[in-house]
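Visitor: what follows is a protein structure lacking sequence information:
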């Protein structure tokens, strides 16, 4: 996989340090392998995109959509298609889902973990990275 763009890395780092309320709330349930013993990371670079949360071991990306996403549905759709073509399962939640029904959100994530395909072995060269 190509090296990550420095601007993109800086943007992801900035987003990690300033999470939205729903991102912070969900992170409390995902961090430190608290959900299903699965390691999640936040603001993860996947190709040219930054996923809100990702379980790399399951190729599962989780996106939280706030009000601003209503104006970028076409972009989000293309982004999801690209991630899926690269083997990722993408699930999306509205911010209100997280704030009003966190248990339901966690249940959907656990079910997705149970059905997400596990990645194959790393290609030569990526094992050392």
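Guide: In hand now; what should we look at? For clarity, every value in this text was computed on a predicted model and none was experimentally measured.
Visitor: looking at the strand or helix carrying residue 24 now, give me its mean pLDDT.
Guide: For residue 24, the enclosing helix or strand under DSSP states H and E is helix 21-30. Per-residue pLDDT values over helix 21-30 give a mean of 97.
Visitor: ok, and what's touching it?
Guide: Surrounding helix 21-30, the residues in contact under the criterion Cβ atoms under 8 Å, 6 or more residues apart in numbering are 19, 34-35, 40, 42, 52-53, 62, 64, 66, 95, 98-99, 102, 105-106, 109. C-beta here means a position set from N, CA and C on the backbone, and glycine is covered the same way.
Visitor: swap in stretch 97-112?
Guide: Outside stretch 97-112, the residues touching it (Cβ under 8 Å, 6+ apart) are 21-22, 25-26, 29-30, 35-36, 58, 60, 62, 64, 89, 91, 93.
Visitor: next, the buried residues of that stretch.
Guide: For stretch 97-112, a neighbour-count test (16 or more other Cβ atoms under 10 Å) marks 97, 98, 102, 105, 106, 109, 112 as buried.
Visitor: separation between the last one and residue 72?
Guide: Put plainly, it is residue 112. Residue 112 sits at a distance of 23 Å from residue 72 (criterion: Cβ to Cβ, to the nearest Å).
Visitor: between the buried residues of stretch 97-112, which sits nearest residue 10?
Guide: Of all the buried residues of stretch 97-112, the one sitting nearest residue 10 is residue 98; the distance, using Cβ to Cβ, is 25.9 Å.
Visitor: tell me how many other residues crowd the closest residue to residue 82 other than its chain neighbours.
Guide: Sequence neighbours aside, residue 47 is the residue nearest to residue 82 in space, at 6.6 Å (criterion: Cβ to Cβ, 6 or more residues apart in numbering). A total of 16 residues lie near residue 47 under the criterion other Cβ atoms under 10 Å.
Visitor: what does the model give residue 47 for pLDDT?
Guide: Note for residue 47: predicted pLDDT of 86.
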